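**Q** Attaching a predicted model along with its sequence, questions to come.
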Amino acid sequence: MSGYPAGKMGIDPRTKSAVLWGIVGCLSFLVLVQSYALLADPLATITQALGLALLVGLGAGTGAYLLEPRLASWAADRGTVNESRKG
């Protein structure tokens, strides 16, 4: 069991975060496509939009999974630098 206490099963928090970011990316893309379709001519059919939204969601989730450790360490380093400047 990868780092979980005995009896606790679940999804890794990093994976959960990446999946949620993927869902947000997918739904945001669908909202943008639908908004454009309401204001002007539709850019794509619903199946094309769903396919593209899945690709966008996959990209957002993968990007979130790969970049989260780097952003977390950058934010932690930035916090210590700001604390040292306060004197």
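**A** Cool, the structure landed.

**Q** Distance check, the most centrally placed residue in the chain against L30.
**A** In the chain, the centroid-proximal residue (C-alpha atoms, centre = their mean) is W21; its distance is 2.3 Å. Going from W21 to L30 by C-beta to C-beta, to the nearest Å gives 15 Å. C-beta here means a position set from N, CA and C on the backbone, and glycine is covered the same way.

**Q** repeat for T45
**A** Using C-beta to C-beta, T45 is found at 13 Å from L30.

**Q** Mind listing the shared neighbours of the two?
**A** Counting by C-beta atoms under 8 Å, 6 or more residues apart in numbering, no residue touches both T45 and L30.

**Q** Settle it for me: which of the two has more neighbours?
**A** Shown here are T45 and L30; by other C-beta atoms under 10 Å, L30 has more neighbours (18 against 9).

**Q** isn't that one right next to A53, touching?
**A** Yes - using C-beta atoms under 8 Å, L30 makes contact with A53 at a distance of 4.9 Å.

**Q** Packing partners of the strand or helix carrying L67?
**A** Following DSSP states H and E, one finds L67 within helix 46-85. If contacts are counted by 3 or more C-beta pairs under 8 Å, 6 or more residues apart in numbering; DSSP states H and E, helix 46-85 sits against helix 13-39.

**Q** Quick check: chain neighbours aside, which residue is closest to Y65?
**A** Distance criterion C-beta to C-beta, 6 or more residues apart in numbering; nearest residue to Y65, sequence neighbours excluded, is A18 at 3.7 Å.
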